[in-house]
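1. show me how the following folds:
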Amino acid sequence: MRKIKNPFSPSASKDAYNCFGCSPANDRGLHLEFWADGEELVARWIPQKSYEGWIGVLHGGIQATLLDEAAAWLVFIKLKTAGVTANLTINYPKPVFISKGEITVRAKLLAVEKRIAKIECTLFDGEGEVCAIAEASYFCFPEKIARAKYNYPGVEAFFAD
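-> As a prediction, the model looks like this:
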């Protein structure tokens, strides 16, 4: 697996970049980090009690955020542009018990039709059990527009040393 750099955090002020999912400056955020693993994008995250819904169970909205964020970063890396969520459909076959430790989220591209990317994201609990599966549809901007209007730095910025 190859570590993906977050190119938004070092140069942006706290006020300019405060993403709940991936900004290291957001005090209440998830601080997600990502790795490229072949055709997949991977995130690992340790759930905290402050993110629970039911007692000891990770809130479904936080799970949705983890899945959606992984899809967004897949667009950055694999499609080499930026996009926005058009649709996110999630199935929750099992609860995510916080006590089971580190969560893994894997995202992979299923298809691209015109400007819509279909992405499958799977959330695994600390024991490797599938607990949530999402299909995300992302509207992807042309790279020129992503760079000009949405601060997309280009795919090379995610792997710069």
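2. okay, CA-based contacts and neighbour counts for the rest of this
-> Noted.
3. which strands and helices sit next to the biggest helix by length in the chain?
-> Counting residues, the longest helix found in the chain (DSSP state H) is helix 60-78. When contacts are defined as 3 or more CA pairs under 8 Å, 6 or more residues apart in numbering; DSSP states H and E, helix 60-78 packs onto strand 40-45, strand 83-91, strand 103-113, strand 116-124, strand 130-140.
4. now with 7 Å, please.
-> strand 103-113, strand 116-124 (3 or more CA pairs under 7 Å, 6 or more residues apart in numbering; DSSP states H and E).
5. could the ones you listed go into JSON lines alongside distance to Ala43?
-> Formatted as JSON lines, these follow (distance: least, CA to CA, whole Å):
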{"stretch": "strand 103-113", "distance to Ala43": "5"}
{"stretch": "strand 116-124", "distance to Ala43": "9"}
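6. ranking the ones you listed by burial, who's on top?
-> Burial of the helices and strands packed on helix 60-78 is given as mean neighbour count (mean count of other CA atoms under 10 Å); strand 116-124 ranks first at a mean of 22.
7. just give me how far that one sits from the chain centre.
-> 10 Å (CA atoms, centre = their mean, to the nearest Å).
8. tell me the angle of that strand relative to strand 40-45?
-> 40 degrees (axes from the mean of the first three to the mean of the last three CA atoms, to 10 degrees).
9. how about strand 116-124 as CSV, C-alpha atoms only?
-> Included here for strand 116-124 are C-alpha records, laid out as CSV according to Å, rounded to 0.1, in the frame of the first residue of the first chain:
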residue,chain,number,x,y,z
ILE,A,116,-21.0,10.1,-13.1
ALA,A,117,-18.6,7.7,-11.3
LYS,A,118,-20.1,4.7,-9.6
ILE,A,119,-18.1,3.7,-6.6
GLU,A,120,-18.4,0.8,-4.1
CYS,A,121,-17.3,1.3,-0.6
THR,A,122,-17.1,-1.3,2.1
LEU,A,123,-16.7,-0.8,5.8
PHE,A,124,-15.1,-3.5,7.9
